[in-house]
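In: This is the structure alone, sequence omitted:
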């Protein structure tokens, strides 16, 4: 008997192998549990959910069997970069960012889903559609954002070209999956003069009593700065309205690189921001010592300057709101906004606002280009060195009923006023109806 | 949702309502705590309590009195001999001393070189009966046989530990009862209204079965109930799986559980008599082969494997019954183990079973049988070389099977890559892993999972289904429960009366463990997906029946004092001896008739 029963220990070998296997499983569960659970997560949590715009229009709806989007193809494309898709191809999209919130996972509790898997966005589909159509009306490449600078609600975030998530037949244009509002950075050109101007107001005494002289060409340390002028003698205000390169070259040098960097950083141009969980790209400004000529170019938005459209929106929204940025967001549940940040002194902001209004009144032919809009804005035509230029138009409505700040960028579109201006006008005219 | 349903049933004030909704969330933690408690109590009771051997006879060697602690004892020079006589000339395994049910002792010469003489008569191949005082000559060494007296036996018995002293089986069963009630509570909140009554009835039936089982054990004066408790624990989880996946089938489930427990008791009762048991071996073997043959010839392919037989609407898996038969036939008493014919017959029987299952296409079950074959043949022969040879042979046969049967090959191809083909070959496993992970450690609650919608969730993917609904901890408890029984089988085997019970118990547990391993690890992509059932838990009638019947083998090996109903207690053993003596003439003691059907 003993002989045989001693050999019974071989049975324990099987038990040992099972324990090894179980350990392997538990380790794999710790490593991959989340991705396993999330693979069929809608089914996992039994969730049916919807993503709607601010008026309740359904932008995305899902249940165990179905993935749905907005009914109208144009709406789907216009809102694609807000909603994203169920496969996470867009990189920035509420569906990807809030998937985990709609049903979260932890190794302890497994998948759980929030009380309501309904997300109401601050986005206005009508505005998105208008902006998208307007961008398509130009060269079909660009970004447009519009937000309420009092509440922080983002009403419009459109990037073109875009994708129809329901259309699996046609190959989307190159770069369609990139959200130009958040994920891209562009040479800012003259819109950056707002930044230089703000830095100057805060660091250089008596800016308003200074005068700037432009004769089309100005030389700093042997390097030529050209201007579209001649603008001859100008005040600070007129220099911004003229978008005079020579004046802003001088201002940038006057402010100095250290101060410029400090303010560019303070205004948030060098940071990555978060818009309701979606991350934006960081911009660029020369941080190493570059010398006066390069500093001059950087002050007029050329050099190695790169600006993210969303960062620019935050900047103009702060100007509009007396220097205080109400944290922008995409979810209705985040209103009132989580925080406010003072980007600049109230005086600085109000001075800039007045100057931006002067820009419009004196130079942008508002009766023809922006009829009926209480507009404060700045154009930008950022030369890329290959004969093309990015067209920018940024600003805000100085109107308590319509407190909207906006950024429009048409990539390689040409003139800021001629190309980006009309897009902004269509967007703002539509916004004024709200 | 739980909350609403409760409100619907019980109209209570808001405060009480709130309190209830919180306590309901707490049920899943209670279930886990109870699971752990049940497991720990059973483990402590089975593995850490004292377990002394019985004494059945003595061999007097000069002044020394060597006890024979089994019904089958090897006498020899070997360190592992039961009665060790280290004298010159005695073989390592020289003779087998065997006691039959009726108390008659027989000595067999096990191919010793120098022979065995009893009272100067040479012992032949059929053995020779012994009486107290007989002189046995083993290669020149003289010993005297001395049967134990009734008084001495009862005195020794009284000194052995009675199980259940430190861990009361009543307490464990009470915990199990609460566990089942909480499980039922969860179901009443998630099940559809029309099913609640039948689910409650099924749980009530399960409770009735386990308490009836327990009380009848107590009435018989038995105190070992750990194996049954663990089996009922697993059956309860199986019932929960059935209640959430096929709530319309509860009455069938009630019938099956009852049948399973009745079969367990009948089988246990039958196994009480070793003589009776061995008598039927050939018949059982032939029936098993016939059943398999019928299966091979008649069944159509069902889901890749032709392992179903249909009887007027009831489908049934012959391979499950054959499992029981295989152990019944494959286990053997010690005296026969040393006969070549017996070994050859066993190998032939095993080969026929495995080949038949391979023909049917039930690759998983064939593997279960094969592993069991390895364990039994290793226990019999102790030869690792033989086992390796068998593995090599099976490996080659396996390669052939894989190359010849495309669907098996496909399962192997997707092994380890299920996430690359979640709509094809990896469909079930990827969902199983996702659902299991979705349950976390504590689960979503009975009936709240989604995996049950996936094909074969309540059979092949049942581990994942339990993990999803009850959480990983209970999933692991479920595996540990089976392992605990296996540890107990190994521990009991050491003190078993007959090699038959020891081999059968160890074989049964290795069968169940391999089956469980294939089920669990197949569904989570650690092993290829073979589609076998999880013992007790997977839904499937034949499987539940066979698992419970296998438990009878395990009970047969449990010789703790007054523990198992399958083992005759020492104090009443005389009565049986008398009965057997009266019927003695009916028995044919020819042990040469082996099961090969020659």
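Out: Happy to help now that I have it. Because the structure is a prediction, the values reported are computed rather than measured.

In: Could you find the closest non-adjacent residue to the residue of chain B found nearest chain A?
Out: Proximity of chain B to chain A (Cβ to the nearest Cβ) peaks at residue B:440, 2.7 Å away. The way it works is simple: take the backbone N, C-alpha and C, and place the C-beta from them, glycine included. Distances taken as Cβ to Cβ, 6 or more residues apart in numbering or on different chains put residue A:110 closest to residue B:440, at 2.7 Å, once the chain neighbours are dropped.

In: and what of residue A:129?
Out: In space, residue A:129 is closest to residue A:78, 4.7 Å off (Cβ to Cβ, 6+ apart).

In: Could you report the neighbour count for the one you found?
Out: 31 (other Cβ atoms under 10 Å in any protein chain shown).

In: ok so, going back, quick one: contacts for the residue of chain B closest to chain A?
Out: A:105-111, B:471-472 (Cβ atoms under 8 Å, 6 or more residues apart in numbering or on different chains).

In: where does it land in three-state SS?
Out: When classified by DSSP: H, G, I helix; E, B strand; the rest coil, residue B:440 comes out as coil.

In: ok, now residue A:302?
Out: coil.

In: low-confidence ranges in the chain?
Out: Just going to use chain A. For chain A, residues meeting the criterion pLDDT under 70 lie at A:41-48, A:63-66, A:87-88, A:91, A:99-104, A:112-117.

In: Switch to chain B, please.
Out: Residue ranges of chain B with pLDDT under 70: B:1-24, B:299-314, B:399-411, B:571-598.

In: Can you name the element that comes right after the longest strand along it?
Out: The longest strand of chain B (DSSP state E) is strand B:141-147. Downstream of strand B:141-147, the next assigned helix or strand under DSSP states H and E is helix B:150-159.

In: Now that next one: buried residues?
Out: Residues B:153, B:156-157 are the ones in helix B:150-159 that count as buried (16 or more other Cβ atoms under 10 Å in any protein chain shown).

In: export these to JSON lines and tack on distance to residue A:210?
Out: Below are these laid out as JSON lines (distance: Cβ to Cβ, whole Å):
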{"residue": "B:153", "distance to residue A:210": "119"}
{"residue": "B:156", "distance to residue A:210": "115"}
{"residue": "B:157", "distance to residue A:210": "114"}
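
In: Contacting chain A as well, which ones from the residues you listed?
Out: When Cβ under 8 Å from any Cβ of the partner chain is taken as the criterion, no member of these contacts chain A.

In: ok, now which ones touch the residue nearest to residue B:440?
Out: The contact partners of residue A:110, taken as Cβ under 8 Å, 6+ apart, are A:37, B:437-444, B:468, B:471.

In: try 6 Å this time
Out: B:438-440 (Cβ atoms under 6 Å, 6 or more residues apart in numbering or on different chains).

In: same question, residue B:555
Out: B:268, B:564, B:566.

In: Which one of the residues you listed sits in the busiest neighbourhood?
Out: residue B:564 (29 neighbours).

In: Nearest residue to that residue in space, ignoring adjacent ones along the chain?
Out: That would be residue B:558: by Cβ to Cβ, 6+ apart, it lies 4.0 Å from residue B:564.

In: Run a quick neighbour tally on that neighbour.
Out: Here the count is done by other Cβ under 10 Å, and residue B:558 has 26 residues near it.

In: And for residue B:120?
Out: There are 7 residues near residue B:120, going by other Cβ under 10 Å.

In: Specify the local secondary structure of the nearest residue to it once chain neighbours are set aside.
Out: What sits nearest to residue B:120 in space, not counting adjacent residues and going by Cβ to Cβ, 6+ apart, is residue B:137, at 7.2 Å. Recorded secondary structure, residue B:137: strand (three-state DSSP).
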